[in-house]
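In: A structural model of the following input is requested.
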Amino acid sequence: MCYKIVCSLLLCLVGLACSSISNNLAGYEGYTKYTVQHGDEDSFRYMVDLQTNDADVDFWLLTRNMSVLTVGPQRKPQFESRLSQLRVDYQTQPLMELMAALEGNSTYADEDVDDIDECQPGADCESERPHSRKRRQARGFFSHYPRYHEILNFMSGLAARYPQYCRYESLGRSNEGRHIAGLSISLNTRTRPRRVAYIQAAAHGREWITPQTVLYLAYELLTNLRAFQRVLNDVEVFLVPLVNPDGYEYTHTSDRFWRKNRHHYNGQRCSGVDINRNFGNHWNYQGASQNLCSEVYSGTAPNSEPETSAVVRYLEFNRHRVKLSLDVHSFGKFIFYPYGYARNTVPPTVGTLRSVALRAANQIGKYRGTRYTIGTSASILYEASGSLDDFAYGSLGIPLSYTLELPGDEFHVPSSDIIHVCKETFAGFVEFIRHVSLY
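Out: Sure thing, here's the model as predicted:
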């Protein structure tokens, strides 16, 4: 009898997991993941053109030597024929097979989203929560992928527990009306430090690991303030874990690999703008598209999106205080500094930018040996304009401006590895923040 009960429970759990998979992977049946090794300029340029102009393929990673992308069953024969013509080597894996294996190693929030009240910035949400829920939230938060509401509740909880050191606020609202929430951390919220370290994540909805690393930074700083007093001396750390909350939620409910925001255009089949192509520095110059269906659609104008303009407003208002801008993405193990819009364009302070990045990469590597590649995205990957790092450095004069691409072989990091990615990345974050005091 006991055996039957246990089996029934296991079957229920498997059924729930399968239901979760089908919700945000519907439509991906028959898709194939390709890892393509392209050793010459012709095959590289073919891949760049595909990413920019072809809405029927989805690039997960594109470097000068290799690409990782997914292709649907209808395009598969044509795509493989072209790869044969280019004489490139490639490996394939059924996408659903890959995701089933990854999902089997992952856990998710067990809360019904409809039963969670969104915590509004400025509200005293923490005092209204049962004590047992606070304990459960702190214990398990970095062992799964939280939803939007859970992230906001975690942020408001930190601000409520450390009101002298932490402030919870909203930079604005997204296309669908969600808060673009921020946390300000300093040694005294009543005074305004002269320097700001700005760190954001999840500009691309599918990069689930990125907000966790930024929230872990907040958690570690606030729970160990005494250890980080020198780091925070006259420095405010301002964190925006979910720049693209609509896209992030959409990847949980409807499309696991959605990249853009959720801007809907009347009468158009396609939707969404790539926030990381929408910033107003060399907007739509290279590596971006005016095809609405493209994954790298840059929008109708520079800073056209509410998510982008919220970040721009904050950075412009604080442009004389912000000394570090760090945009966290996934995946690839890269640290990029400007410029990304053109391959042979070198910033005047490239020596400093590279030196600081090397120091941060060295600190990350001390945890478990993870090694990052450092340079411009244009030289390592491909030319891409409209990114935050180019905008912060080139348009606002923020001296330390970077994009961080976290480790992993795909967007879905197994739950058991979330805490390790958070811990190693934390060491890099702290090293970046240390250098803010030099300006």
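In: make it CA atoms for all contacts and neighbour counts henceforth
Out: OK.
In: could you give the mean pLDDT of the host helix or strand of T52?
Out: Using DSSP states H and E, T52 sits within helix 41-53. Averaged across helix 41-53, pLDDT comes to 90.
In: neighbouring contacts of stretch 338-357?
Out: 282, 285-287, 335, 337, 374-379, 382-387, 389-390, 393, 400-402, 432, 435 (C-alpha atoms under 8 Å, 6 or more residues apart in numbering).
In: Are any of those residues buried, and if so which?
Out: Buried by 16 or more other C-alpha atoms under 10 Å: 282, 285-287, 335, 337, 374-379, 382-387, 389-390, 393, 400-402, 432, out of those.
In: mind checking how far the residue nearest to the spatial centre of the chain is from D42?
Out: In the chain, the centroid-proximal residue (C-alpha atoms, centre = their mean) is A202; its distance is 3.1 Å. Distance of A202 to D42, computed by C-alpha to C-alpha, to the nearest Å: 32 Å.
In: Tell me where the stretch 51-200 of the chain has strands.
Out: Using DSSP state E, counting those that start in this stretch, the strands found in the stretch 51-200 of the chain span residues 57-62, 66-71, 89-94, 166-173, 179-185, 195-201.
In: mind giving me CSV with these and columns for mean pLDDT, mean neighbour count and distance to G30?
Out: Formatted as CSV, those follow (pLDDT from 0 to 100; neighbours: other C-alpha atoms under 10 Å; distance: least, C-alpha to C-alpha, whole Å):
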stretch, mean pLDDT, mean neighbour count, distance to G30
strand 57-62, 92, 20, 13
strand 66-71, 93, 20, 9
strand 89-94, 94, 14, 7
strand 166-173, 96, 20, 37
strand 179-185, 97, 24, 36
strand 195-201, 97, 25, 31
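In: Distance to P407 for the ones you listed - can I get that in JSON lines?
Out: Output for the strands of the stretch 51-200 of the chain, formatted as JSON lines (distance: least, C-alpha to C-alpha, whole Å):
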{"stretch": "strand 57-62", "distance to P407": "12"}
{"stretch": "strand 66-71", "distance to P407": "14"}
{"stretch": "strand 89-94", "distance to P407": "20"}
{"stretch": "strand 166-173", "distance to P407": "28"}
{"stretch": "strand 179-185", "distance to P407": "24"}
{"stretch": "strand 195-201", "distance to P407": "14"}
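In: what's the closest of those to F228?
Out: Taking C-alpha to C-alpha, strand 179-185 is the member of the strands of the stretch 51-200 of the chain nearest to F228, at 11.5 Å.
In: Output the contacting helices and strands for the closest one.
Out: For strand 179-185, the packing partners by 3 or more C-alpha pairs under 8 Å, 6 or more residues apart in numbering; DSSP states H and E come out as helix 148-161, strand 166-173, helix 209-223, strand 235-240.
In: mind redoing it with 6 Å?
Out: On a contact count with 3 or more C-alpha pairs under 6 Å, 6 or more residues apart in numbering; DSSP states H and E, strand 179-185 meets strand 166-173, strand 235-240.
In: Buried ones in stretch 415-435, by neighbour count?
Out: Here stretch 415-435 shows 415, 417-419, 421-434 as buried, counting by 16+ other C-alpha under 10 Å.
In: List the ones among those that fall in helices.
Out: Within the buried residues of stretch 415-435, residues falling in helices by DSSP state H are 415, 417-419, 421-434.
In: end to end, how far does stretch 314-329 reach?
Out: End-to-end for stretch 314-329, by C-alpha to C-alpha: 20 Å.
In: what separates the closest residue to C422 other than its chain neighbours from V322, distance-wise?
Out: Excluding its sequence neighbours, the residue lying closest to C422 (C-alpha to C-alpha, 6 or more residues apart in numbering) is T213, at 4.6 Å. T213 sits 21 Å away from V322, going by C-alpha to C-alpha.
In: Once you drop chain neighbours, what's closest to L187?
Out: Counting by C-alpha to C-alpha, 6+ apart, the residue nearest L187 is Y165, at 5.4 Å.
In: Low-confidence ranges, the stretch 51-200 of the chain, go.
Out: 103-139 (pLDDT under 70).
In: number of nearby residues for T352?
Out: 12 (other C-alpha atoms under 10 Å).
In: Equivalent analysis for the one 3 residues further on, please.
Out: The number of residues packed near S355 is 12, by other C-alpha under 10 Å.
In: before we move on, what about L326?
Out: Count around L326 with other C-alpha under 10 Å applied: 25.
In: any idea whether it is helix, strand or coil?
Out: strand (DSSP: H, G, I helix; E, B strand; the rest coil).
In: Enumerate every residue touching it.
Out: I199, S401, Y402, T403 (C-alpha atoms under 6 Å, 6 or more residues apart in numbering).
In: again, only this time at 10 Å
Out: L326 sits next to 197-201, 239, 335-337, 388-389, 392, 400-404, 429, 432-433 when contact means C-alpha atoms under 10 Å, 6 or more residues apart in numbering.
In: and what of T403?
Out: 199-201, 325-330, 334-338, 376-377, 387-390.
In: tell me the SS of it?
Out: Per three-state DSSP, T403 ends up strand.
In: where's it relative to L102, distance?
Out: T403 is 26 Å from L102, by C-alpha to C-alpha.
In: same check, this time on Y393
Out: 37 Å.
In: mind listing the helices for the protein?
Out: 2-25, 41-53, 76-86, 95-104, 131-140, 148-161, 209-223, 245-253, 306-317, 350-368, 377-380, 388-390, 415-434.
In: Pick the most buried one from those.
Out: helix 388-390 (a mean of 28; mean count of other C-alpha atoms under 10 Å).
In: just checking, what packs against it?
Out: With contacts defined as 3 or more C-alpha pairs under 10 Å, 6 or more residues apart in numbering; DSSP states H and E, helix 388-390 has these neighbours: helix 306-317, strand 322-330, strand 400-406.
In: got these as CSV, with mean pLDDT and distance to N244 columns?
Out: Shown next, in CSV, are those (pLDDT from 0 to 100; distance: least, C-alpha to C-alpha, whole Å):
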stretch, mean pLDDT, distance to N244
helix 306-317, 98, 7
strand 322-330, 97, 12
strand 400-406, 98, 16
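In: Take these and write them to CSV, including distance to A26.
Out: Below are those laid out as CSV (distance: least, C-alpha to C-alpha, whole Å):
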stretch, distance to A26
helix 306-317, 27
strand 322-330, 23
strand 400-406, 27
